[in-house]
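> what follows is a protein structure lacking sequence information:
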């Protein structure tokens with residue numbers, strides 16, 4: 001009941017705040033359809049990507065390698081600038097994937113990772129990439145190693161967050177902040193110059209872009225993908 005004089009009670013104000021906070025989060029995946037997503041480079045989402053039990057997954061059963069046939073990376077229709085992204089993922093044994101952001105989907109770039117940084121998704125216990133420093137689950141791929149490893153074993157769900165706010169970048173995995181850095185600084189450029197991206201002129205040059213789920217040829221699941229614009 002509303003208080004006298006039309007003023008809201010404390011309880012009503014708290015409920016209103018909760019509703020406002022909930023409305024701030026955008027569901028990038030509705031759990032049922034690929035609405036809001038498309039294949040990188042244009043076209044509908046490839047048949048290898050499927051939906052089951054509220055999760056997007058890459059069906060690798062009939063794939064010989066990554067980026068072949070009617071599959072490929074999938075990206076959001078919308079571009080995002082400053083944001084807080086939350087999602088859950090689980091990977092198959094020996095699997096590899098990733099979430100890439102600030103992607104410029106232009107014909108001059110064949111793949112999302114030619115422009116966008118990546119939060120690595122990996123089975124650390126089984127995939128060969130885990131032997132490379134900065135290629136393990138949760139790492140800012142090929143740039144910064146996680147401060148600690150909080151990833152769960154293959155087949156278990158992980159809760160991940162990417163927070164990008166005016167150059168400040170944070171990665172959170174299973175409740176622990178594992179990466180903190182500033183983008184587009186001399187130190188950031190030095191990291192790129194020492195990485196595999198050094199000869200990619202478009203890498204990390206865009207401060208607004210799309211978000212991708214990577215097809216690395218392995219079975220991977222994503223769910224509860226939501227974003228808050230900052």
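In hand now; what should we look at? This structure is a prediction, so every number in the text was calculated from the model and none was measured.

> and the gap between the residue positioned nearest the centre of the chain and residue 214?
Among the residues of the chain, the one closest to the centroid is residue 99, at 3.2 Å (C-alpha atoms, centre = their mean). Residue 99 is 7 Å from residue 214, where distance means C-beta to C-beta, to the nearest Å. Every C-beta, even on glycine, is put in place using the N, C-alpha and C of the backbone.

> overlap in contacts, these two.
Listed contacts common to residue 99 and residue 214 are 118, 121; contacts here mean C-beta atoms under 8 Å, 6 or more residues apart in numbering.

> and the helices in this structure?
10-24, 186-193 (DSSP state H).

> which parts of the last one are buried?
When you say that, I think you mean helix 186-193. Across helix 186-193, burial judged by 16 or more other C-beta atoms under 10 Å covers 188, 191-192.

> low-confidence bits of this structure, can you list those?
Within the chain, the segments meeting pLDDT under 70 span 1-23, 62-70.

> all strands of it, in order?
Under the criterion DSSP state E, the chain carries strands at the ranges 25-27, 37-39, 49-52, 55-58, 74-76, 83-91, 96-103, 118-122, 158-165, 168-173, 176-182, 210-213, 220-229.

> could I get the contacting residues of residue 138?
119-120, 146, 149-151, 160, 171, 173, 178-179.

> weed out the non-buried ones from the residues you listed.
Buried among the contacts of residue 138 by 16+ other C-beta under 10 Å: 119-120, 146, 150-151, 160, 171, 173, 178-179.

> just send those back as TSV, with distance to residue 210 too.
Listed next are the buried ones among the contacts of residue 138 as TSV, based on distance: C-beta to C-beta, whole Å:
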residue	distance to residue 210
119	15
120	18
146	24
150	27
151	25
160	18
171	18
173	22
178	24
179	21
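
> for the residue lying closest to residue 226 once chain neighbours are set aside, give its distance to residue 88.
Of all residues not flanking residue 226 in the chain, residue 25 sits nearest, at 4.7 Å (C-beta to C-beta, 6 or more residues apart in numbering). As judged by C-beta to C-beta, residue 25 and residue 88 stand 14 Å apart.

> repeat that for residue 138.
From residue 138 to residue 88 the distance is 14 Å (C-beta to C-beta).

> overlap in contacts of the two?
By C-beta under 8 Å, 6+ apart, the residues touching both residue 138 and residue 88 are residue 160.

> give me phi/psi at the closest residue to residue 145 other than its chain neighbours?
Nearest residue to residue 145, sequence neighbours excluded (C-beta to C-beta, 6+ apart): residue 134, at 4.9 Å. Geometry field for residue 134 lists phi and psi as phi 80, psi 10, criterion degrees, to the nearest 10.

> residue 134 reaches residue 119, doesn't it?
No - between residue 134 and residue 119 there is no contact under C-beta atoms under 8 Å: 11.7 Å.

> list residues touching both of these two?
140-141.

> quick check: bridge partners of the closest residue to residue 228 other than its chain neighbours?
Nearest residue to residue 228, sequence neighbours excluded (C-beta to C-beta, 6+ apart): residue 84, at 4.5 Å. Bridge pairing for residue 84 (DSSP bridges) gives the partners residue 163, residue 228.

> list just the nearest of the buried ones among the contacts of residue 138 to residue 33.
residue 160 (22.4 Å; C-beta to C-beta).

> and the gap between that closest one and residue 85?
Distance from residue 160 to residue 85, counting by C-beta to C-beta: 8 Å.

> what do these two both touch?
With C-beta under 8 Å, 6+ apart, residue 160 and residue 85 have common neighbours residue 99.

> quick check, residue 44 in contact with residue 38.
Yes - taking C-beta under 8 Å as the definition, residue 44 is a contact partner of residue 38 at 6.4 Å.
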